[in-house]
Structure formats: structure tokens, C-alpha cells
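[1] all I have is the shape, not the residue letters:
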């Protein structure tokens, strides 16, 4: 849950807040869970939704922000950047769609419902995020 929140939000403090809020919500609503076998899926969805709620409260960043031209070299001088660092440089909406689709396995229609965007917009953000990651990772 923390890894997903960190990837969506791109900030450790916000991710920690999201996980804490998710566990509180899980604790408060645990009695309403009808099938104990569904707990993991249910808890994962709560964590993802809370991270998305926090993301929605953040100021919108232009999709053509300066991170698209960021230098892929890391501070330690290595020629390549690791995936987590590259993900953190993506604009929030692109990063969120990429994480939800490629890492968490959600379908575009589900992502569209979660983010309040069209399915085609989700696909476009995913394509742009992948292209930007290729540039950042030097591939």
C-alpha cells in the first residue's frame, strides 16, 4: 500500500499520510466486509482511493512541465536513473495512470472512473508517461 501511494503521490510524507488514513478507514469499516477472502483486494482499493483523493487536492501541474526535459543523470553521477526516481519526475496525472495501469493492473475504464477522465485520456496519459520514462531512463 505504501509503495503504491508513494508512486502515485511522489512524496514520502504524503504517502505515509495516505497509508495511515487507509488503515484508519480499514479499521473503521472492517465490520462491513462481507467476505474475509476479499480483504486484500478491498484494503488495496481503499489505499489507492485515499492516495487519489490526496492527489486531487494537490495543485494541478501542466502536463508539459519541466520534468519532461529533466537530466536523467542521478546525483551520484551514474549514467542511468532508477525507475522510482524517474517515476517521481513524471507529472502527477501521467504518473498516476502509469502506476495504476502498469503496476497495479487496473483497466483504462477503471482508471477513468477513479480519476474522472475518459478512457481515451487514460490511454493517452499512459502513452505519454511511457515515452517520457524511456527518455528519462535513457532508452
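    Sure thing, it's come through. Being a predicted model, the structure only gives us computed values, none of them experimental.

[2] what helices and strands are in contact with the host helix or strand of residue 131?
    Residue 131 is part of helix 119-136 when elements are defined by DSSP states H and E. Packing partners of helix 119-136 (3 or more Cβ pairs under 8 Å, 6 or more residues apart in numbering; DSSP states H and E): helix 83-89, helix 92-98, helix 108-115. For the C-beta atoms, the positions are set from N, CA and C on the backbone; glycine is no exception.

[3] helix or strand: which one has residue 55?
    Using DSSP H and E, the element containing residue 55 is helix 39-57.

[4] quick check: buried residues in that helix?
    Using 16 or more other Cβ atoms under 10 Å as the test for burial, helix 39-57 gives 42-43, 46-48, 50-52, 54-55.

[5] next: stretch 18-30.
    Residues of stretch 18-30 classed as buried by neighbour count (16+ other Cβ under 10 Å): 18-19, 21-22, 26.

[6] got the angle for the helix holding residue 55 vs helix 108-115?
    60 degrees (axes from the mean of the first three to the mean of the last three Cα atoms, to 10 degrees).

[7] tell me what helix 39-57 is packed against?
    Helices and strands touching helix 39-57, as assessed by 3+ Cβ pairs under 8 Å, 6+ apart, comprise helix 2-9, helix 12-29, helix 92-98, helix 108-115.

[8] can you pull the contacts of the nearest residue to residue 107 once chain neighbours are set aside?
    In this structure, residue 107 finds its nearest non-sequential neighbour in residue 101, 7.8 Å apart by Cβ to Cβ, 6 or more residues apart in numbering. Going by Cβ atoms under 8 Å, 6 or more residues apart in numbering, residue 101 touches 107-108, 111, 122, 126.

[9] next one: the helix holding residue 131 to chain centre, how far?
    13 Å (Cα atoms, centre = their mean, to the nearest Å).

[10] now it: buried residues?
    So, applying 16+ other Cβ under 10 Å, buried residues of helix 119-136: 121-122, 125-126, 128-129, 132-133, 136.

[11] now do stretch 97-111
    Neighbour counts over stretch 97-111 (16+ other Cβ under 10 Å) mark 97-101, 104, 106, 108, 111 as buried.
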